[in-house]
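1. Whatever this is, show me its structure:
(one chain, ligands or ions: 1)
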Amino acid sequence: MMKTTNRTQDTTDRKQRKKPAGPAFKKVCNFCKKEQEIDYKNLELMSNYVSSKGKIVSRRISGNCAKHQRKVAREIKRARFLALLPYVGN
Ligand SMILES: [Zn+2]
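-> Residues are numbered from 1 along each chain as shown. The predicted structure follows:
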């Protein structure tokens with residue numbers, strides 16, 4: 001007798017579907033790796049996390065952990081307020 005397809009098999013099929021595309025390797029947060037102060041005055045560092053359009057680089061791209069991404073975002077906003085970083089890019 002042939003196997004009958006039932007509902008439970010359908011759900012297992014769904015689980016086996018292709019995962020959404022993500023980074024090939026797991027990124028490690030730059031600030032967790034080494035103790036580095038996130039500071040708005042450190043423009044060289046802050047500019048690494050601002051896109052050419054002046055936007056804050058998202059966690060997906062930067063690979064920062066939630067805690068440090070929050071800090072980075074806050075410091076960038078501080079730097080913007082002091083006109084150290086642009087609100088809008090070119
Ligand atoms: Zn971190």
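2. what is the mean pLDDT for stretch 70-85?
-> Average pLDDT, stretch 70-85: 95.
3. Show me what counts as buried in that stretch.
-> Across stretch 70-85, burial judged by 16 or more other Cβ atoms under 10 Å covers 71-73, 75-76, 79-80, 84-85. Any C-beta I mention is one placed from the backbone N, CA and C, and that applies to glycine too.
4. closest to the ion among those?
-> Taking Cβ to the ion as the measure, the ion lies nearest Lys71 of these, at 8.5 Å.
5. which other helices and strands contact the helix or strand where the closest one lies?
-> Here Lys71, judged by DSSP states H and E, is contained in helix 66-81. Contacts defined by 3 or more Cβ pairs under 8 Å, 6 or more residues apart in numbering; DSSP states H and E place helix 66-81 against helix 30-33, helix 43-46, helix 59-62.
6. mind checking the SS state of the nearest residue to Leu43 once chain neighbours are set aside?
-> Taking Cβ to Cβ, 6 or more residues apart in numbering as the measure, Leu43 lies nearest to Leu84, with 5.8 Å between them; neighbours along the chain are not counted. Secondary structure for Leu84, judged by DSSP: H, G, I helix; E, B strand; the rest coil, is coil.
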